[in-house]
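Colleague: I need the structure of the sequence given here:
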Amino acid sequence: YKIEGKYHIPVNYKAILKWGDDEMVVLTRQGPFGPEFQIIYLPKSTVADDFTLFDWNSNMTQLWDELLTVLETMDEGGTRDMTVFTQGPWYVFGFTEDAVQLELDKVKKKDDTEDLVDGILYCEESDKPSLEEYQRYLGVQPEVDDHFVWISHEFMNEPLPANYYQYTNAGMVYWVNAVTQESTWKHPHYDKYKKMLSAARINRPLPHWKTIMSFQVEFLFSELFNLNDPSKTDFDVPIETVNNVFELARIFKVDIK
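Modeller: Presented below is the predicted three-dimensional model:
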């Protein structure tokens, strides 16, 4: 649930507002149909009847109006500054503060990630998966793989084999082999880049184009698929042809002898 379409509403949130010597406490909880709010008004008084406990309410606007009515009653002489309340409850109680929203964004991203199924490339925001979604699909670990972003970039930008077509269903990407008319959740180039990432973690190529190209050529040459391997399936796509690897080595002056 969001405020004004852009601010998340935290659950189990508590904030205290000082108004002179008085205090106001706001609480939130998860209700059956969305967030619910409660406000407690604690004036500086030893009389219990002066305290006001507003019932839980899913309508913050209504709750806020009830609070203002009580405050205006308490300030019959009009001597207290009420201007702070003109900003509305979301601002006054800190819901819109950057620190609160940043923490909520972290929680939301964590929850979204936990709901994902391994082995599926997701596409949530547009008709094509983002770089971050390719990284998640490959199993990239940001804390250790920060120098290997180029692997995900190449994975994302490499054209599909001529007989493969990409489709999206309910935010999940799958591919169809036009020859066999079979579909799969596995990207035709998944094995290539998954192995490349594993090799990069071992060899640690420097983030320089020449070092990267040298690493790629050596990797492709060492990982050429055996086209006669009986364990191959219809969805296994050769990493690269021998001739293409030799051509890459020639262009980038990589010695693979």
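
Colleague: going by C-alpha atoms from here, please, whenever you check contacts or count neighbours.
Modeller: Fine.

Colleague: can you tell me the SS state at residue 207?
Modeller: Per DSSP: H, G, I helix; E, B strand; the rest coil, the secondary structure class of residue 207 is coil.

Colleague: and the closest residue to it other than its chain neighbours, which of the three is it?
Modeller: Closest residue to residue 207 apart from its sequence neighbours, by Cα to Cα, 6 or more residues apart in numbering: residue 147 at 6.2 Å. Here residue 147 is recorded as helix under three-state DSSP.

Colleague: try residue 77
Modeller: The three-state label given to residue 77 by three-state DSSP is coil.

Colleague: per-residue pLDDT, it?
Modeller: For residue 77, the pLDDT comes out at 70.

Colleague: next, count neighbours for it.
Modeller: Taking other Cα atoms under 10 Å as the criterion, the count of residues near residue 77 is 8.

Colleague: and for the one 3 residues further on?
Modeller: Applying other Cα under 10 Å, we find 13 residues neighbouring residue 80.

Colleague: likewise for residue 15?
Modeller: 14.

Colleague: can you check the one 5 residues further on too?
Modeller: Summarising burial for residue 20: neighbours were counted as other Cα under 10 Å, giving 10.

Colleague: with residue 199 instead?
Modeller: Per other Cα under 10 Å, the neighbour tally for residue 199 reads 15.

Colleague: any idea how far residue 35 is from it?
Modeller: Distance of residue 199 to residue 35, computed by Cα to Cα, to the nearest Å: 48 Å.

Colleague: for residue 15, give me phi and psi.
Modeller: Backbone torsions of residue 15, given as degrees, to the nearest 10, read phi -140, psi 150.

Colleague: related to what we said a few turns ago, count the residues that sit near the residue nearest to residue 207.
Modeller: 16.

Colleague: my guess is it contacts residue 203. True?
Modeller: No. Using Cα atoms under 8 Å, residue 147 is not in contact with residue 203; the gap is 11.9 Å.

Colleague: identify the contacts common to the two.
Modeller: Counting by Cα atoms under 8 Å, 6 or more residues apart in numbering, residue 147 and residue 203 have no contacts in common.
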